[in-house]
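Okay, here's the prediction I keep looking at, along with the sequence it came from:
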Amino acid sequence: DAMVIQNPRYQVTQFGKPVTLSCSQTLNHNVMYWYQQKSSQAPKLLFHYYDKDFNNEADTPDNFQSRRPNTSFCFLDIRSPGLGDAAMYLCATSTPGQGTGEKLFFGSGTQLSVL
Amino acid sequence: KQEVTQIPAALSVPEGENLVLNCSFTDSAIYNLQWFRQDPGKGLTSLLLIQSSQREQTSGRLNASLDKSSGRSTLYIAASQPGDSATYLCAVKGTNAGKSTFGDGTTLTVKP
(Lines give C-alpha, C1' and ligand atoms only; values in the text may rest on other atoms or scores of the structure.)
Protein backbone atom coordinates (compact mmCIF):
# COMPACT_ATOMS: atom_id res chain seq x y z
CA ASP A 1 0.00 0.00 0.00
CA ALA A 2 1.15 3.53 -0.71
CA MET A 3 2.12 5.20 2.48
CA VAL A 4 4.26 7.54 4.56
CA ILE A 5 6.96 5.78 6.57
CA GLN A 6 8.88 7.26 9.47
CA ASN A 7 11.99 5.80 11.04
CA PRO A 8 12.74 5.15 13.77
CA ARG A 9 9.51 4.90 15.82
CA TYR A 10 11.40 5.83 18.96
CA GLN A 11 14.61 7.81 19.16
CA VAL A 12 16.60 8.57 22.27
CA THR A 13 19.37 11.14 22.12
CA GLN A 14 21.53 13.02 24.57
CA PHE A 15 21.27 16.70 25.31
CA GLY A 16 23.22 18.54 22.60
CA LYS A 17 23.89 15.47 20.43
CA PRO A 18 22.73 15.91 16.81
CA VAL A 19 19.95 13.63 15.69
CA THR A 20 18.29 12.93 12.33
CA LEU A 21 14.77 11.67 11.79
CA SER A 22 13.73 10.26 8.44
CA CYS A 23 10.57 10.08 6.40
CA SER A 24 9.86 8.35 3.11
CA GLN A 25 6.73 8.20 0.97
CA THR A 26 5.48 6.00 -1.83
CA LEU A 27 2.61 8.35 -2.70
CA ASN A 28 4.70 10.49 -5.08
CA HIS A 29 3.29 13.62 -3.47
CA ASN A 30 4.78 17.03 -4.18
CA VAL A 31 4.57 18.39 -0.67
CA MET A 32 6.18 17.03 2.47
CA TYR A 33 5.70 18.51 5.94
CA TRP A 34 7.35 18.17 9.33
CA TYR A 35 5.23 18.76 12.42
CA GLN A 36 6.19 18.77 16.09
CA GLN A 37 3.56 17.58 18.56
CA LYS A 38 3.90 17.79 22.33
CA SER A 39 1.67 15.92 24.70
CA SER A 40 -2.01 16.90 24.46
CA GLN A 41 -1.22 19.71 22.03
CA ALA A 42 -1.98 20.37 18.38
CA PRO A 43 0.68 19.45 15.83
CA LYS A 44 2.83 22.50 15.10
CA LEU A 45 4.17 22.97 11.57
CA LEU A 46 7.96 23.36 11.48
CA PHE A 47 8.50 23.57 7.72
CA HIS A 48 7.46 22.08 4.42
CA TYR A 49 8.81 21.37 0.95
CA TYR A 50 6.90 21.99 -2.24
CA ASP A 51 8.99 19.82 -4.52
CA LYS A 52 12.49 21.18 -3.78
CA ASP A 53 11.29 24.56 -2.53
CA PHE A 54 11.84 24.84 1.20
CA ASN A 55 9.40 26.85 3.34
CA ASN A 56 10.34 27.55 6.92
CA GLU A 57 7.79 28.69 9.50
CA ALA A 58 8.74 32.03 11.07
CA ASP A 59 8.85 30.64 14.59
CA THR A 60 10.78 27.44 13.83
CA PRO A 61 14.05 27.54 15.80
CA ASP A 62 17.32 27.58 13.84
CA ASN A 63 18.20 24.38 15.67
CA PHE A 64 15.85 22.55 13.29
CA GLN A 65 16.88 21.93 9.71
CA SER A 66 15.55 19.79 6.91
CA ARG A 67 16.72 18.11 3.71
CA ARG A 68 14.80 16.65 0.83
CA PRO A 69 17.22 14.89 -1.52
CA ASN A 70 14.47 13.55 -3.79
CA THR A 71 10.67 13.25 -4.03
CA SER A 72 10.52 10.20 -1.79
CA PHE A 73 12.67 11.17 1.17
CA CYS A 74 12.77 13.99 3.68
CA PHE A 75 14.94 14.36 6.78
CA LEU A 76 14.64 16.41 9.95
CA ASP A 77 17.94 17.35 11.58
CA ILE A 78 18.05 18.68 15.11
CA ARG A 79 21.51 20.16 15.54
CA SER A 80 21.67 20.49 19.32
CA PRO A 81 18.62 18.92 20.95
CA GLY A 82 17.44 20.43 24.19
CA LEU A 83 15.06 18.96 26.76
CA GLY A 84 12.29 21.08 25.28
CA ASP A 85 12.67 19.32 21.93
CA ALA A 86 11.38 16.04 23.32
CA ALA A 87 8.17 15.46 21.36
CA MET A 88 6.45 13.41 18.68
CA TYR A 89 7.66 14.39 15.22
CA LEU A 90 5.19 13.80 12.45
CA CYS A 91 5.85 13.70 8.73
CA ALA A 92 3.00 14.31 6.31
CA THR A 93 2.47 14.60 2.57
CA SER A 94 -0.14 16.12 0.29
CA THR A 95 -0.71 16.80 -3.36
CA PRO A 96 -1.85 20.36 -4.11
CA GLY A 97 -3.26 19.45 -7.53
CA GLN A 98 -6.38 18.15 -5.83
CA GLY A 99 -7.62 21.69 -5.08
CA THR A 100 -10.08 21.72 -2.21
CA GLY A 101 -9.83 17.93 -2.12
CA GLU A 102 -6.18 18.14 -1.08
CA LYS A 103 -5.68 15.77 1.80
CA LEU A 104 -2.95 15.33 4.40
CA PHE A 105 -1.43 11.86 4.83
CA PHE A 106 0.60 11.21 7.97
CA GLY A 107 3.26 8.73 8.97
CA SER A 108 3.20 6.93 12.31
CA GLY A 109 5.56 9.45 13.89
CA THR A 110 8.90 9.35 15.70
CA GLN A 111 8.83 9.84 19.46
CA LEU A 112 12.00 11.69 20.44
CA SER A 113 13.37 11.58 23.97
CA VAL A 114 16.24 13.80 25.09
CA LEU A 115 18.26 12.70 28.11
CA LYS B 1 -4.38 34.20 11.84
CA GLN B 2 -6.60 31.11 11.89
CA GLU B 3 -7.44 29.73 15.32
CA VAL B 4 -9.02 26.31 15.78
CA THR B 5 -10.73 25.27 19.00
CA GLN B 6 -12.03 21.87 20.03
CA ILE B 7 -14.33 21.62 23.00
CA PRO B 8 -14.50 19.60 25.16
CA ALA B 9 -10.89 18.55 25.65
CA ALA B 10 -12.04 15.19 26.95
CA LEU B 11 -15.26 13.19 26.75
CA SER B 12 -16.28 9.91 28.35
CA VAL B 13 -19.39 8.01 27.22
CA PRO B 14 -20.87 4.53 27.69
CA GLU B 15 -20.68 2.09 24.81
CA GLY B 16 -23.51 2.41 22.30
CA GLU B 17 -24.08 6.11 22.80
CA ASN B 18 -24.21 8.52 19.85
CA LEU B 19 -21.92 11.52 20.30
CA VAL B 20 -20.83 14.77 18.69
CA LEU B 21 -17.36 16.31 18.69
CA ASN B 22 -17.00 20.00 17.94
CA CYS B 23 -14.47 22.05 16.00
CA SER B 24 -14.62 25.85 15.72
CA PHE B 25 -12.49 28.09 13.54
CA THR B 26 -12.14 31.86 13.30
CA ASP B 27 -11.46 32.46 9.59
CA SER B 28 -14.13 31.17 7.21
CA ALA B 29 -11.86 31.47 4.15
CA ILE B 30 -10.96 27.79 4.07
CA TYR B 31 -10.10 25.22 1.43
CA ASN B 32 -11.23 22.23 3.43
CA LEU B 33 -11.48 20.70 6.87
CA GLN B 34 -10.11 17.28 7.74
CA TRP B 35 -10.89 15.12 10.77
CA PHE B 36 -8.21 12.80 12.13
CA ARG B 37 -7.96 10.10 14.74
CA GLN B 38 -4.82 9.68 16.84
CA ASP B 39 -4.16 6.70 19.08
CA PRO B 40 -1.68 7.15 21.97
CA GLY B 41 1.90 7.39 20.71
CA LYS B 42 0.86 7.04 17.08
CA GLY B 43 0.49 9.20 14.00
CA LEU B 44 -2.70 10.73 12.62
CA THR B 45 -5.19 8.68 10.63
CA SER B 46 -7.47 10.58 8.29
CA LEU B 47 -11.18 9.96 8.89
CA LEU B 48 -13.04 12.42 6.70
CA LEU B 49 -12.31 15.45 4.55
CA ILE B 50 -14.96 18.07 3.80
CA GLN B 51 -14.26 20.42 0.93
CA SER B 52 -15.25 24.08 1.31
CA SER B 53 -18.19 23.64 -1.09
CA GLN B 54 -19.58 20.64 0.81
CA ARG B 55 -21.86 20.53 3.84
CA GLU B 56 -21.15 17.00 5.05
CA GLN B 57 -19.32 13.75 4.48
CA THR B 58 -20.10 10.26 5.74
CA SER B 59 -18.03 7.14 6.27
CA GLY B 60 -19.60 4.21 8.05
CA ARG B 61 -20.63 5.32 11.55
CA LEU B 62 -19.00 8.72 11.11
CA ASN B 63 -20.60 11.85 9.75
CA ALA B 64 -18.84 15.20 9.54
CA SER B 65 -20.60 18.48 8.85
CA LEU B 66 -19.29 21.91 7.92
CA ASP B 67 -20.87 25.33 8.38
CA LYS B 68 -18.36 27.86 7.06
CA SER B 69 -20.49 30.90 7.85
CA SER B 70 -20.56 30.09 11.54
CA GLY B 71 -17.02 28.66 11.59
CA ARG B 72 -18.06 25.26 12.86
CA SER B 73 -17.68 21.59 12.07
CA THR B 74 -19.01 18.58 13.93
CA LEU B 75 -18.02 14.93 13.88
CA TYR B 76 -20.90 12.64 14.71
CA ILE B 77 -20.10 9.10 15.85
CA ALA B 78 -23.03 6.70 15.91
CA ALA B 79 -23.28 3.70 18.23
CA SER B 80 -19.89 4.29 19.85
CA GLN B 81 -17.61 1.34 20.62
CA PRO B 82 -14.62 0.96 22.98
CA GLY B 83 -12.41 0.79 19.87
CA ASP B 84 -13.42 4.38 19.10
CA SER B 85 -11.43 5.54 22.13
CA ALA B 86 -8.76 7.90 20.80
CA THR B 87 -8.01 11.59 20.35
CA TYR B 88 -9.86 13.26 17.51
CA LEU B 89 -8.32 16.30 15.84
CA CYS B 90 -9.67 18.66 13.23
CA ALA B 91 -7.43 20.51 10.78
CA VAL B 92 -8.54 23.54 8.79
CA LYS B 93 -6.72 24.21 5.53
CA GLY B 94 -6.67 27.91 4.77
CA THR B 95 -6.67 29.64 1.40
CA ASN B 96 -3.74 31.80 2.49
CA ALA B 97 -0.55 29.84 1.74
CA GLY B 98 -2.62 26.68 2.01
CA LYS B 99 -1.44 25.75 5.48
CA SER B 100 -3.47 23.56 7.80
CA THR B 101 -4.16 24.68 11.37
CA PHE B 102 -4.96 22.01 13.94
CA GLY B 103 -7.07 22.05 17.05
CA ASP B 104 -5.74 20.53 20.28
CA GLY B 105 -8.10 17.59 19.93
CA THR B 106 -10.83 15.91 21.96
CA THR B 107 -9.84 12.75 23.81
CA LEU B 108 -12.73 10.29 23.68
CA THR B 109 -13.12 7.36 26.05
CA VAL B 110 -15.89 4.84 25.34
CA LYS B 111 -16.55 2.63 28.35
CA PRO B 112 -17.73 -0.96 27.85
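Received it, and whenever you're ready, just let me know what you need. Numbering: from 1, shown residues only, chains lettered A, B, ... in the order given.

Show me what the lowest-mean-pLDDT helix or strand in chain B is packed up against.
Within chain B, no helix or strand scores below strand B:100-102, which has a mean of 93 by mean pLDDT, DSSP states H and E. Of the remaining helices and strands, those touching strand B:100-102 by 3 or more C-beta pairs under 8 Å, 6 or more residues apart in numbering or on different chains; DSSP states H and E are strand B:86-94. The way it works is simple: take the backbone N, C-alpha and C, and place the C-beta from them, glycine included.

Which parts of chain B are strands?
For chain B, the strands defined by DSSP state E occupy B:4-5, B:10-14, B:19-25, B:30-38, B:44-51, B:56-59, B:62-67, B:72-77, B:86-94, B:100-102, B:106-111.

Tabulate those strands in a markdown table, adding columns for distance to residue A:43 and mean neighbour count.
Converted to a markdown table, those look like this (distance: least, C-beta to C-beta, whole Å; neighbours: other C-beta atoms under 10 Å in any protein chain shown):
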| stretch | distance to residue A:43 | mean neighbour count |
| --- | --- | --- |
| strand B:4-5 | 11 | 18 |
| strand B:10-14 | 18 | 13 |
| strand B:19-25 | 15 | 19 |
| strand B:30-38 | 9 | 23 |
| strand B:44-51 | 7 | 20 |
| strand B:56-59 | 22 | 14 |
| strand B:62-67 | 19 | 18 |
| strand B:72-77 | 17 | 20 |
| strand B:86-94 | 8 | 23 |
| strand B:100-102 | 5 | 23 |
| strand B:106-111 | 15 | 17 |
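
Let me know which of the ones you listed is the nearest to residue A:64.
Nearest of the strands of chain B to residue A:64, taken as C-beta to C-beta: strand B:100-102 at 18.4 Å.

Not counting its neighbours along the chain, what's nearest the spatially most central residue of chain A?
Closest to where the C-alpha atoms of chain A average out (C-alpha atoms, centre = their mean) is residue A:34, at 2.6 Å. Excluding the flanking residues, the one nearest residue A:34 by C-beta to C-beta, 6 or more residues apart in numbering or on different chains is residue A:46, at 4.6 Å.
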